[in-house]
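Undergrad: pasting the sequence and the predicted coordinates here, then a few questions.
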Amino acid sequence: MALFSQVGKYSNFGLLIMRTGIGAILIMYGLPKLTHPDKWAALGEAMGNLHIHFWPSFWGFMSAFTMTVGGLFCILGLWFRLVCLLLLFNFIVASLVHLYGAGSLNERLNDAAHALEFCFLFFGFFFVGAGRLSVDRG
């Protein structure tokens, strides 16, 4: 369609918009978790779905840290592909929490939908990269 024929020139700007929005959401979700150390152990218990039952406070901290700092690095485009892999792992674990939870399959899938969406997003971002409008420029 001729109306949108020039939009492809702005794909790097589109990636910047996506990185900024997703990064802000991650900071919004991660910062309250990061600033409340008393909640780290409960958050880290999610690693039990991978049969990792040691150091739950450490895993909870790492999850909150990855979301918060990863969100900032996502906005900046700094170490973008590494951040995407870490966030992908974070949201795979979050998806498992919901999928292994209580309720019918439909309820569990509905609960896991948000985390699964982030899984697909960061998996795609890993291949696409941050674009030229990033600190890493690439």
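TA: Everything's here; your move. Numbering: from 1, shown residues only.

Undergrad: wait, P37 touches F65, no?
TA: No: using Cβ atoms under 8 Å, P37 makes no contact with F65, being 11.5 Å away. For glycine as for every other residue, the C-beta is placed from the backbone atoms N, C-alpha and C.

Undergrad: where along the protein do the helices fall?
TA: Using DSSP state H, the helices assigned to the chain run over residues 11-34, 40-44, 56-76, 80-99, 105-128.

Undergrad: can you redo the ones you listed as a markdown table with distance to V135, mean pLDDT and mean neighbour count?
TA: What follows is these, written out as a markdown table (distance: least, Cβ to Cβ, whole Å; pLDDT from 0 to 100; neighbours: other Cβ atoms under 10 Å):
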| stretch | distance to V135 | mean pLDDT | mean neighbour count |
| --- | --- | --- | --- |
| helix 11-34 | 11 | 95 | 16 |
| helix 40-44 | 29 | 92 | 18 |
| helix 56-76 | 5 | 96 | 21 |
| helix 80-99 | 9 | 95 | 20 |
| helix 105-128 | 15 | 93 | 15 |
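
Undergrad: report the contact partners of the residue nearest the centre of the chain.
TA: The geometric centre of the chain, computed from its C-alpha atoms, lies nearest to L87 (Cα atoms, centre = their mean), at 4.0 Å. Taking Cβ atoms under 8 Å, 6 or more residues apart in numbering as the contact definition, L87 lies against 26, 66-67, 70, 74, 118, 122.

Undergrad: just the closest of these to G101, please.
TA: Distance to G101, by Cβ to Cβ, is smallest for F118 among these, at 17.3 Å.

Undergrad: grab the nearest non-local neighbour of that closest one.
TA: F91 (4.2 Å; Cβ to Cβ, 6 or more residues apart in numbering).

Undergrad: next up, the contacts around that neighbour.
TA: When contacts are counted by Cβ under 8 Å, 6+ apart, F91 touches 115-116, 118-119, 122.

Undergrad: many thanks, we can stop here.
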